[in-house]
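Need coordinates for the following:
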Amino acid sequence: MPASILIVDDERHTREGLQQALEESYDVYVARNADEAFNLMEEETFDVVLTDLKMAGKSGMKVIDRALSLRNRPVCIMMTAYGNVETAVEAMKRGAFDFLTKPLNLEKLEILIRRALKSRQVEEENKQLHERLDTKFSFESFVGESKALREVIDRVRLVAASRATILIGGETGTGKELVAQAIHQNSDRAKGPFVAVHCAALPPTLLESELFGHEKGAFTGATERRVGRFEAADGGTLFLDEIGEIDSTTQVKLLRFLEERVFERVGGMQPIKVDVRLVAATNRDLDELVREGDFREDLFYRLNVVRIELPALGERREDIPALLRHFIEYYARENGLDPVELDPGAMRVLTEYSWPGNVRELRNVAENITILHRGGRVTEYDLDPKFRGEGVSARDRTQGVALANPHSVEENEKKILRNALLEARGNRSKAARLMGISRRTLHRKLAQWPELDVLERK
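Modelled structure (predicted):
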């Protein structure tokens, strides 16, 4: 569908000439004055408004003001005579995209319109991105109703609007960056940048330059000036993950920034002042690092203004079913699949699992079973044996099979299947019912262990 353009000019030759020149590529409307333009803008949605500045009646400035007040704002381009350039510049300050002087160069006009449409597309994409971010990192997006999670959300809600430095603690995979994003997105800095740096991923020699930037010639290979992450985050939030891994030199520069809000690039002497909110995270015990002399005590106190400790998934086990359903539905949508159904046995096994990798591990498991089982019903026997290896089901106990040793899980499962086949006298459907699994799953197990298939046929 071609882009739509509204041309507003009280000179008929100009108006009709522009219409003829542009209508092969665009859906073109024309108006003789501002009032006609206002009526058209109420009836139609335009991508570009091209208006003359001086017209009989209301000026082109009024056309631009009305256009920019619309919910779906078009990009506005002013046409003006040479003597009115200052007024056209004023229009740009009020929101116009650009201006052209008369007589118009059609080639320049078409280039400008393409630039304007590209600008509108980028603006719309940014708007949609911010809307998605607002939804993704709203407080309602946190999945679960456990007391531990509610306490975290309440604390995040309290501190998000402040300017305080925040330290987030918790095991790997508990969602520290998600919380940092929520803090940023629910603050008055939401329209500014959110810049994340994973400190453990960079060697000390590169981390300082990455954070603070460097001047040309500061070290071998520094062939040009580089802007660091602090400058990139100006007006927004800088998230430093694994803060416990930074070296002593970087600790000193970070402390100075927190005290004075200035820093110098590596190899530079000029102080640089930026408006950055710092959120740091760690899975290490910073108190212990301070006692051991590996982390500056004064820096720790500067970082630890507000502390948010994220609970391990095992500490909010009641949230596991909701998290599983959430991620299964998410990955089903992402892959165009129907969501899988976890039967009560599978849900029980996954809820009892210790989840050493926390929410990150659970998310990966949800993606795995969504893709592999494609809308089917998942039982505990469809899951990776490591999950069943952590507990003993009632059925296993009645058959005298202990699953305490995770290394013997496969052998134990084979014994359960063998016993079920023997009890069912080789009837696969009955054996599947005895085990609480689908016939399809039973067939898959028999294909995995053909020796049991031979046993059945005897």
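
drop to CA atoms for contacts and neighbour counts, all remaining ones
Noted.

Just the strands from the stretch 101-250 of the chain, written as ranges.
166-169, 194-198, 237-241 (DSSP state E, counting those that start in this stretch).

do you know which of the ones you listed lies nearest Phe46?
strand 194-198 (32.5 Å; C-alpha to C-alpha).

I'd assumed Thr51 was in a strand, is it?
Yes - counting by DSSP: H, G, I helix; E, B strand; the rest coil, Thr51 is found in a strand.

Could you check stretch 370-384 and say which residues are buried?
Using 16 or more other C-alpha atoms under 10 Å as the test for burial, stretch 370-384 gives Thr370, Ile371, His373, Arg374, Gly375, Arg377, Val378, Thr379, Glu380, Tyr381, Asp382, Leu383.

Ok, stretch 241-260 next?
Neighbour counts over stretch 241-260 (16+ other C-alpha under 10 Å) mark 241-247, 250-251, 253-255, 257-258 as buried.

Helices of the stretch 101-250 of the chain, residue ranges please.
Taking DSSP state H, counting those that start in this stretch as the test, the helices found in the stretch 101-250 of the chain are 106-136, 147-160, 176-185, 204-212, 229-232, 248-260.

Quickly compare those and say which is most buried.
helix 176-185 (a mean of 23; mean count of other C-alpha atoms under 10 Å).

average pLDDT for that helix?
Taken as a whole, helix 176-185 has an average pLDDT of 91.

Using CSV, write out every CA atom in it.
Below are the C-alpha coordinates for helix 176-185, written out as CSV (Å, rounded to 0.1, in the frame of the first residue of the first chain):
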residue,chain,number,x,y,z
LYS,A,176,18.7,-10.2,37.9
GLU,A,177,18.8,-8.5,34.5
LEU,A,178,15.0,-8.8,34.2
VAL,A,179,14.6,-7.0,37.6
ALA,A,180,17.1,-4.3,36.4
GLN,A,181,15.1,-3.8,33.2
ALA,A,182,11.9,-3.5,35.3
ILE,A,183,13.5,-0.9,37.5
HIS,A,184,14.6,1.1,34.4
GLN,A,185,11.3,0.7,32.5
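
related to what we said a few turns ago, now the buried residues of stretch 241-260 as TSV including pLDDT and distance to Gly144?
Formatted as TSV, those follow (pLDDT from 0 to 100; distance: C-alpha to C-alpha, whole Å):
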residue	pLDDT	distance to Gly144
Asp241	95	24
Glu242	94	25
Ile243	95	28
Gly244	93	29
Glu245	92	31
Ile246	94	33
Asp247	92	37
Thr250	93	38
Gln251	95	36
Lys253	93	39
Leu254	95	35
Leu255	95	37
Phe257	94	37
Leu258	94	35
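
got a markdown table for these, with distance to Phe387 too?
What follows is the buried residues of stretch 241-260, written out as a markdown table (distance: C-alpha to C-alpha, whole Å):
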| residue | distance to Phe387 |
| --- | --- |
| Asp241 | 30 |
| Glu242 | 29 |
| Ile243 | 33 |
| Gly244 | 32 |
| Glu245 | 33 |
| Ile246 | 36 |
| Asp247 | 39 |
| Thr250 | 42 |
| Gln251 | 42 |
| Lys253 | 46 |
| Leu254 | 43 |
| Leu255 | 45 |
| Phe257 | 47 |
| Leu258 | 45 |
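
Show me which of these is closest to Phe327.
So of the buried residues of stretch 241-260, ranked by how close each gets to Phe327 (C-alpha to C-alpha), first place is Asp241, at 24.0 Å.

what's the distance between that closest one and Arg388?
Look at Asp241 and Arg388: by C-alpha to C-alpha, to the nearest Å, they are 34 Å apart.

Break the chain down into its domains, please.
Domain assignment for the chain by automatic domain parsing gives 4-132, 145-311, 315-457.

For the ones you listed, which has the smallest mean pLDDT value?
domain 315-457 (a mean of 77).

Figure out how far that one is from the centre of its chain.
32 Å (C-alpha atoms, centre = their mean, to the nearest Å).

Same check on stretch 74-90?
The answer for stretch 74-90 is 40 Å, by C-alpha atoms, centre = their mean.

burial measure for Thr351, as a count.
Using other C-alpha atoms under 10 Å, Thr351 has 18 neighbouring residues.

Am I right that it is in contact with Pro321?
Yes - under the criterion of C-alpha atoms under 8 Å, Thr351 makes contact with Pro321 at 6.9 Å.
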